[in-house]
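Engineer: using only what follows, build the 3D model:
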Amino acid sequence: MRATLLTSLLLFAAAAAATPAGLPAPDRLAQAESTPTVAEPRYGTLRLVRPALAETIHNNSGTVPVEVTLQPALRAEAGHRFRVLLDNALQPGAWATTRFSLPQVDRGAHTLQVIVTDRGGDELARSAPVEFHMWQASRLFPGRRAAP
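Structural biologist: Numbers count the residues shown, from 1 in each chain. Down below sits the predicted model:
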């Protein structure tokens, strides 16, 4: 996109220099406007499938399975990756697949969002936040066991 803008500016400057009044010649202006541009496709839909809204996850190790849908598909070859915001804090790790796990999440209520970033770390898309609950067994309740 930057290259297209730079090309347009260079064409405009060349046209301005070639005309005595400093105005671009009509044929050169039409040529600059019709130059095809190759824009990166934008992501339209990024949605968290799992955890579901208000889901309670039973896992003593604190592992949260994450699943997302993205349209169009993630451009992993271009360096795009999924990153996770847990309670508005960026978590370590980046994933190129739509299914992954988030380790060591403490018990309690949490908010999760997934973002798509490019190779430079710039945000390209963001999911809506999803609140979920992490349940872990407690020594305070010895008669209860964690669900498998």
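
Engineer: just say helix, strand or coil for Gln113.
Structural biologist: On the three-state scheme (DSSP: H, G, I helix; E, B strand; the rest coil), Gln113 is labelled strand.

Engineer: shouldn't it be in contact with Asp87?
Structural biologist: No - applying Cβ atoms under 8 Å, one finds Gln113 not in contact with Asp87, separated by 9.6 Å. For glycine as for every other residue, the C-beta is placed from the backbone atoms N, C-alpha and C.

Engineer: ends of stretch 51-70, what's the gap?
Structural biologist: The distance separating the two terminal residues of stretch 51-70, taken as Cα to Cα, to the nearest Å, comes to 15 Å.

Engineer: what sits up against it?
Structural biologist: Stretch 51-70 is contacted by residues 43, 45-50, 82, 84, 98-107, 112, 114, 116, 125, 127, 130-137, 146-147 when judged by Cβ atoms under 8 Å, 6 or more residues apart in numbering.

Engineer: which among the residues you listed end up buried?
Structural biologist: When burial is judged by neighbour count using 16 or more other Cβ atoms under 10 Å, the buried members of those are 43, 46, 48, 82, 84, 100, 102, 105, 112, 114, 116, 125, 127, 130, 132, 134.

Engineer: okay, now the sheet partners of whichever strand or helix holds the third one, with direction.
Structural biologist: In this case it means Leu48. Element membership for Leu48 (DSSP states H and E) is strand 45-50. Sheet pairing of strand 45-50 (DSSP bridges) gives strand 64-71 (antiparallel).

Engineer: give the buried residues for the partner strand.
Structural biologist: Residues of strand 64-71 classed as buried by neighbour count (16+ other Cβ under 10 Å): Val64, Val66, Val68, Leu70.

Engineer: right, and the helix or strand after the strand holding Leu48?
Structural biologist: Once strand 45-50 ends, the next helix or strand along the chain (criterion: DSSP H and E) is strand 56-58.

Engineer: which intervals of the chain have sub-threshold pLDDT?
Structural biologist: Counting by pLDDT under 70, the chain contains low-confidence ranges at 1-41, 141-148.
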